[in-house]
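In: Sequence below, structure please.
(one chain, ligands or ions: 1)
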Amino acid sequence: MNRTRFSFSECTIAPDLPQHILKKYAVSEDMRSRAVLGLGITDLCNLRCPFCYYRQDSSSQKHSVMTAVFLKHLLDGVGRVGTIMVGLEGEPLCHPDFPTMMSLCAKHADNIVLITNGLLLNADSVRVLNDCKVSSIILSCDATTSETYRKMRRGGNFDDFTKNARLLVASSNALISIHSVVTKDNWRELIRMPEFLNDLGITHMSLTQLRNNEWSELNGIYRSSYEEIQEFTMSVCREAEKRGVTIVFDYLYADRKMWHWLREALASFSCVKSEFSESCISPWMSVSLLSDGRIFPCCGDIEPVFPENINFEGIFNNKVLLKLRYVLSGQNFPEVCRKCLRGEYI
Ligand code: SF4
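Out: Numbering: from 1, shown residues only. Predicted structure coming up:
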């Protein structure tokens with residue numbers, strides 16, 4: 001992760017609270033089967049996407065690669081959880097020992113999810129994914145033409161992506177879906193994503209919106225306007241309905257004001273499988289661990305911290321998460337959450 005600056009730290013979420021208060025916000029062992037552990041196994045990446053949230057300091061030459069020894073120590077300590085999601089921070093297939101990392105994960109979770117740009121997939125890696133019983137593969141792609149793909153996925157080739165997506169569809173046992181970031185530049189083109197998915201033989205897609213960040217703005221990639229997103233949402237849902245494609249809008253797709261509109265506008269679409277919840281449940285369900293061993297508490301802008309203990313308690317009931325659960329249970333949200341719920345990230 002090349003980000004060097006975070007606007008918020010543990011101290012800005014809430015003041016230090018007595019242990020007996022924090023303890024009330026701990027999740028219990030019963031939560032294991034629903035817990036989601038996100039894993040960044042490396043921050044190496046084969047692309048230089050101009051809007052990447054993790055890579056705002058592209059000049060950094062330092063990279064981090066989680067070792068298999070550390071991953072085993074981590075997973076033995078945490079124990080079995082419901083889902084391990086591999087793929088934040090960098091491109092997981094850039095990890096020099098991807099097969100070992102995946103097979104370790106496979107022993108510790110009911111569901112394994114892989115998020116990848118797909119460009120490094122080949123017959124061998126698909127075999128590894130099948131052997132590890134990966135249940136879901138999410139391919140990141142924000143274009144349906146070579147020209148836009150080249151712009152959004154700098155360093156990538158659309159024909160290679162398409163070839164690998166077809167290989168996966170033909171030989172993987174996992175549920176395959178495409179995840180797209182909607183921006184001012186590509187929203188018109190993304191209306192055709194369901195048609196592209198039909199051609200690939202993929203039946204599921206998910207959508208999020210660009211998070212404003214300095215790196216994307218430096219590269220001239222901007223968030224769509226409210227009106228553009230409304231027009232896009234209706235158009236892509238009509239296309240998906242017609243073509244039998246399921247759509248999930250992730251919890252960062254819209255700010256809370258827009259959730260009201262989405263809930264009503266999309267009520268009649270059977271292709272939409274999203275709960276438009278106004279509250280944030282992220283800190284109760286999931287935590288992400290970066291390749292350098294730090295915990296990334298949620299998708300906000302909060303500085304990662306090293307866990308005090310490498311076990312279920314230390315990871316899922318870390319002080320930062322306890323504080324987040326505490327503030328989200330009250331009326332006075334910290335600035336980071338207020339910004340996040342408005343779709344602002346800078
Ligand atoms: S609302 Fe707060 S806790 Fe939830 S994802 Fe955003 S920053 Fe994290």
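
In: Quick check: buried residues in stretch 114-130?
Out: 114-119, 121, 125-126, 128-129 (16 or more other Cβ atoms under 10 Å). The C-beta positions use only the backbone N, C-alpha and C, and glycine is treated the same way.

In: Show me which residues of the stretch 151-300 of the chain sit near the ligand.
Out: Residues of the stretch 151-300 of the chain lying close to the ligand by Cβ under 6 Å from any ligand atom are 280, 282-283, 298-300.

In: which residues touch the spatially most central residue of the chain?
Out: With distances taken as Cα atoms, centre = their mean, Leu88 lies nearest the centre of the chain, 6.2 Å away. Going by Cβ atoms under 8 Å, 6 or more residues apart in numbering, Leu88 touches 38-40, 54, 115, 288, 290, 296.

In: now do Ile302
Out: 6, 8-10, 13, 296, 320, 336 are the contacts of Ile302 under Cβ under 8 Å, 6+ apart.

In: for Ser64, same thing?
Out: 1, 42-43, 290-292.

In: and if you look at Ala240?
Out: Ala240 neighbours (Cβ under 8 Å, 6+ apart): 194, 205, 246-247, 269, 271-272.

In: So which of these are in strands?
Out: Residues from the contacts of Ala240 lying in strands, with DSSP state E as the criterion: 205, 246-247.

In: is it possible to export those residues to TSV including neighbour count?
Out: Shown next, in TSV, are these (neighbours: other Cβ atoms under 10 Å):
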residue	neighbour count
Met205	24
Thr246	16
Ile247	23
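
In: re earlier: so which of the contacts of Leu88 are in strands?
Out: Using DSSP E, these in strands are 38-39, 115, 288, 296.

In: Return the closest of these with respect to Gln209.
Out: Ile115 (17.1 Å; Cβ to Cβ).

In: Tell me who's in contact with that closest one.
Out: By Cβ under 8 Å, 6+ apart, the neighbours of Ile115 are 85-88, 92, 138, 140, 179.

In: pLDDT, secondary structure and distance to Phe70 for these - can I get that in JSON lines?
Out: Shown next, in JSON lines, are the contacts of Ile115 (pLDDT from 0 to 100; DSSP: H, G, I helix; E, B strand; the rest coil; distance: Cβ to Cβ, whole Å):
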{"residue": "Met85", "pLDDT": "97", "secondary structure": "strand", "distance to Phe70": "18"}
{"residue": "Val86", "pLDDT": "98", "secondary structure": "strand", "distance to Phe70": "14"}
{"residue": "Gly87", "pLDDT": "94", "secondary structure": "coil", "distance to Phe70": "17"}
{"residue": "Leu88", "pLDDT": "85", "secondary structure": "coil", "distance to Phe70": "16"}
{"residue": "Pro92", "pLDDT": "97", "secondary structure": "helix", "distance to Phe70": "15"}
{"residue": "Ile138", "pLDDT": "98", "secondary structure": "strand", "distance to Phe70": "24"}
{"residue": "Ser140", "pLDDT": "97", "secondary structure": "strand", "distance to Phe70": "26"}
{"residue": "His179", "pLDDT": "98", "secondary structure": "strand", "distance to Phe70": "27"}
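
In: Out of those residues, flag the one nearest to the ligand.
Out: Leu88 (13.5 Å; Cβ to the nearest ligand atom).

In: Next, find the distance separating Leu218 from the ligand.
Out: Going from Leu218 to the ligand by Cβ to the nearest ligand atom, to the nearest Å gives 23 Å.

In: Who are the contact partners of that residue?
Out: Leu218 neighbours (Cβ under 8 Å, 6+ apart): none.

In: Just the buried residues from the contacts of Leu88, in PyMOL please.
Out: Buried members of the contacts of Leu88, defined by 16+ other Cβ under 10 Å, are picked up in PyMOL with:
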select buried, resi 38+39+40+54+115+288+290+296
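
In: Redo the contacts of Leu88 as CSV? Include pLDDT.
Out: Putting the contacts of Leu88 into CSV (pLDDT from 0 to 100) gives the following:
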residue, pLDDT
Gly38, 96
Leu39, 97
Gly40, 95
Tyr54, 76
Ile115, 98
Ser288, 94
Leu290, 93
Phe296, 89
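
In: Nearest to Leu104 among the contacts of Leu88?
Out: Leu39 (10.0 Å).

In: hmm, back to that, tell me which of the contacts of Ser64 is nearest to the ligand?
Out: Leu290 (15.7 Å).

In: How about the contacts made by the closest one?
Out: Here Leu290 is in contact with 1, 40, 43, 64, 88-89, 296, 304 (criterion: Cβ under 8 Å, 6+ apart).
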